[in-house]
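1. predicted model follows, preceded by the sequence.
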2 protein chains.
Amino acid sequence: MRVASAVDLGGVVRARRKRLGWTQQELADRAGTSRQWMVALEGGKGRAELGLVLKALNALGLTVDLTAQDAPAPRPSGGSVDLDALLAAYRRDR
Amino acid sequence: MRVASAVDLGGVVRARRKRLGWTQQELADRAGTSRQWMVALEGGKGRAELGLVLKALNALGLTVDLTAQDAPAPRPSGGSVDLDALLAAYRRDR
DNA sequence: TCACGATGTCTTCGTACGACGACATTTGGT
DNA sequence: ACCAAATGTCGTCGTACGAAGACATCGTGA
C-alpha cells in the first residue's frame, strides 16, 4: 500500500487494526501511546510525531519501505499560489 | 530500503539528498521546511512532524510503501524493562 | 593559506503537541 | 429496545516543536 499523505496513513492504520480485531485502546497500549492519539492518527493527523507513528506501524506488523523514483518532485513554484498550504491552513490540521 | 526507526529514515534522507547533489538548504526549500529542521531529520529526530517528513520524502522522489507482516509485533511485556524507552530517555531525543 | 559555501549548534518566540480525565455519541450483541 | 463497549470530542497542563537569525566549525577548491 502506497502512502503519500497523513490521511492515507490513517486509513491504512485503521484498516489494519480492524483486520486484527483490535480496539484503539489495545493498539494504543501496544504502541505506547494514548487512545486519543490513535483517534487522531486514524483521522489523518499530519502533525503526529514520527517516532510514535513508527511505533504504531510496528505494533500493527506493518513494514515501511522507501523506494527511489527516477526523478524527484519538481521544485515548488515561487510565483504561483501554494494550494497545498492554503488547504492545510483552512482545514486547521486533522 | 526498509525503515524501522527515525535514525534509519535520517540516513536514507541524507543518502538520497547527496546522491541528488542537493544541499540541506535546497532540500529544505523544496520540502517547505527550515534548514535546521532538515539537519535534525537527517540526524534521526524522532519527534519530527509526520506531514513534514512526508513532504521531504516526496521532494526527494522517495515513495513510501506499507506491507503487512503475517503476525504483528508482540505485546510489550509489562513486567520487564523497556530498553527502548530507557535508551530514548538517555539520548534525550535527537 | 585564504575564502566561501555547507553543515552543525544555540537562543528566542509563538504554537501545537501528547497524556490524561471526563463526557457525548456511536456501534454491536442479546 | 437495552446495555456495555468502542469511539469521538473537549478542556487543562507540561513539554517540545519548528522558524528564524546568529555564530562556530568543517570541507573544498583557488
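-> On my side now, so go ahead. Numbering: from 1, shown residues only, chains lettered A, B, ... in the order given.
2. burial of the residue of chain A found nearest DNA strand D, as a residue count?
-> Here chain A gets closest to DNA strand D at one residue, A:Thr23, 3.3 Å apart by C-beta to the nearest atom of the strand. Using the backbone N, CA and C atoms, a C-beta is placed for each residue, glycine as well. Using other C-beta atoms under 10 Å in any protein chain shown, A:Thr23 has 12 other residues around it.
3. look up phi and psi at it.
-> phi -90, psi 170 (degrees, to the nearest 10).
4. spit out the contact partners of it.
-> Shown in contact with A:Thr23 (C-beta atoms under 8 Å, 6 or more residues apart in numbering or on different chains): no residues.
5. quick check, pLDDT for it.
-> Looking at A:Thr23, its pLDDT is 96.
6. low-confidence ranges, chain A, go.
-> In the predicted model of chain A, residues A:71-94 satisfy pLDDT under 70.
7. where does it come near DNA strand C, residue by residue?
-> A:Gly32, A:Thr33, A:Ser34, A:Gln36, A:Trp37, A:Ala40, A:Lys45, A:Arg47, A:Ala48, A:Glu49, A:Leu52, A:Asp93 (C-beta under 7 Å from any atom of the strand).
8. and if we set it to 6 Å?
-> Proximity of chain A to DNA strand C is confined to A:Thr33, A:Ser34, A:Gln36, A:Trp37, A:Lys45, A:Arg47, A:Ala48, A:Glu49, A:Leu52, A:Asp93 under the rule C-beta under 6 Å from any atom of the strand.
9. and stretch A:17-32, how far out from the chain's middle?
-> Stretch A:17-32 has its C-alpha centroid displaced from the chain centroid by 16 Å (C-alpha atoms, centre = their mean, to the nearest Å).
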